[in-house]
Structures are given as C-alpha cells and as structure tokens.
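Novice: Sequence isn't available, so here's the structure alone:
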C-alpha cells in the first residue's frame, strides 16, 4: 500500500458504518470484510481471504508509519503539522 490515496469515499465509509478509527487507507478492504462477516454470522473460518487482505494492508500501513517515524527521529524528515 505505501501511503497512497483513499480508495473508499467518505460516503461509502459512513454508509458501511466503518468506525472513524478504521477510516484509513485500508477501509476499502474492511467494508467487504464486514459484509462477509455479517452474512456468515461471524464464523471464524469464513471470510479468510478478505481478512487476510485487510490485515496485510494494515500491516503495510504500520510499516510505512514506522519508517516515517524512524526518518523523523534521525532528522531526515520534518513532521507535518495540520493547520
């Protein structure tokens, strides 16, 4: 994934009731995962492909954030301030 652009729109995330804390670059994978979970009564062995894709995306986002933090700590990158 690597810090790209949002795939799911704000409207899609609201309609799918994606929690605000999960509205990140992987939300487009969480929406079908949650639909699958709901339709299969949250059986743990169902929706494995969707779960794997979502978890892989989240892990890649984590790696990007850790890499950026390392660059900030080493002084190669200045933190961006919202405002």
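Specialist: Structure received. Predicted, not measured: the structure shown is a model, and the values here were computed from it.

Novice: Tell me how many other residues crowd residue 18.
Specialist: Residues within reach of residue 18, counting by other C-beta atoms under 10 Å, total 19. The C-beta positions use only the backbone N, C-alpha and C, and glycine is treated the same way.

Novice: what about this protein, any weak spots by pLDDT?
Specialist: In the predicted model, the chain carries pLDDT under 70 at residues 1-3, 77-83.

Novice: Pick out the residue nearest the middle of it.
Specialist: residue 26 (2.7 Å; C-alpha atoms, centre = their mean).

Novice: residues in contact with that one?
Specialist: Applying C-beta atoms under 8 Å, 6 or more residues apart in numbering, we find residue 26 in contact with 1, 54, 57-58, 61.

Novice: Out of the residues you listed, which sit inside helices?
Specialist: 54, 57-58, 61 (DSSP state H).

Novice: Go through these and name the one nearest residue 31.
Specialist: residue 54 (9.5 Å; C-beta to C-beta).

Novice: okay but that closest one is in contact with residue 33, surely?
Specialist: Yes. The criterion here is C-beta atoms under 8 Å, and residue 54 meets it with residue 33 at 5.1 Å.

Novice: Compare these two (neighbour count), which wins?
Specialist: Between residue 54 and residue 33, residue 54 has the larger neighbour count (other C-beta under 10 Å), namely 21 against 18.

Novice: I'd like to know how far the nearest residue to that one once chain neighbours are set aside sits from residue 76.
Specialist: Residue nearest to residue 54 in three dimensions, not counting chain neighbours: residue 29, with 4.2 Å by C-beta to C-beta, 6 or more residues apart in numbering. From residue 29 over to residue 76 the distance is 30 Å, taken as C-beta to C-beta, to the nearest Å.

Novice: Name the SS class of the residue lying farthest from the centre of the chain, please.
Specialist: What lies farthest from the middle of the chain is residue 75; by C-alpha atoms, centre = their mean that is 27.1 Å. At residue 75 the chain is in coil, as set by DSSP: H, G, I helix; E, B strand; the rest coil.
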